[in-house]
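>>> I would like the atomic coordinates for the input below:
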Amino acid sequence: MIRIGPGRLIAVGAALLVPALAPSVASAHARVSPPVSVAGELQLYSLAVPTEKDNVTTAKIVLTVPSGFSIDSFAPSPGWNRVLQQTGNGNNAVIQKVTWTGGRVPSGEDSLFQFLAQPAASQTYRFTVQQTYSDGSIVNWSGPESSDAPAPTIEARSSLGGGGSGSSALTIVALIIGTLGLITGGMALLGRSNRPLA
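The predicted structure follows:
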């Protein structure tokens, strides 16, 4: 059984509470947060995908999960239906792809999905995201960092702290950046839930 340490529980709790206190701001790119995390530990992640086209909504999101990044469970995503593509069953299941459909996220807001996951090793993990708009147009977030539609990436490290002031500073920065990533998408989701559906 995978266990979350007390420090991780505090970080997860803070990440869930902070979005309720901040304004909604859509990001320029699809992203997985936090951008830096700990290898071999179960942590809370968020996928946020911006709706950048006018007069349409984001209706479908497909996340391709990189090898070695194990998703354990998902937070509820109101308004969305989730389908998993996986190998194995039960504790041996390995999720390879997640498809969310049925959403109606307007321009200027982010589609937000949260999940508990564990990166197996210290390395950079590269995700690909396919975003489908209500008019049928598709954006593939799979390019290099310099492209208009870069693939989301995270870096897993063996440790974020315990190695002196530099490591402590890195821990704080990583937690702040990760929380900001949850803020932008979290408020977009809360804003949508308070609006009547068309």
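>>> Next, the residues that contact the strand ranked longest in the chain from outside, please.
Longest among the strand segments of the chain by residue count, using DSSP state E, is strand 94-105. Strand 94-105 has contacts (Cβ atoms under 8 Å, 6 or more residues apart in numbering) with 51, 57-65, 70-71, 74, 77, 79-88, 111, 113, 134, 188, 192, 197-198. Using the backbone N, CA and C atoms, a C-beta is placed for each residue, glycine as well.
>>> of those residues, buried ones?
Taking 16 or more other Cβ atoms under 10 Å as the criterion, what is buried in the contacts of strand 94-105 is 51, 57-63, 65, 70-71, 74, 77, 80, 111, 113, 134, 188, 192.
>>> what about residue 136, neighbour count?
Other residues lying near residue 136 total 8 when counted by other Cβ atoms under 10 Å.
>>> Also the one 4 residues further on?
By the measure other Cβ under 10 Å, the count of residues near residue 140 is 13.
>>> got the residue ranges for the strands in the protein?
So, for the chain - with DSSP E - the strands run 31-33, 36-38, 43-50, 58-64, 69-74, 81-87, 94-105, 110-119, 124-126, 128-133, 138-141, 153-157.
>>> closest one to residue 147 among these?
If you check each of the strands of the chain against residue 147 by Cβ to Cβ, strand 138-141 wins as the nearest, at 9.3 Å.
>>> who's in contact with the closest one?
By Cβ under 8 Å, 6+ apart, strand 138-141 touches 29-30, 49, 52, 128-133, 149-152.
>>> which of those residues tops the neighbour count?
residue 49 (28 neighbours).
>>> Would you agree that residue is in contact with residue 130?
No. Residue 49 lies out of contact with residue 130 (Cβ atoms under 8 Å); the separation is 9.7 Å.
>>> Now for the two: what residues contact both?
Shared contacts of residue 49 and residue 130, defined by Cβ under 8 Å, 6+ apart, comprise 61, 141.
>>> so where's the chain uncertain?
Filtered on pLDDT under 70, the chain yields the residue ranges 1-27, 161-198.
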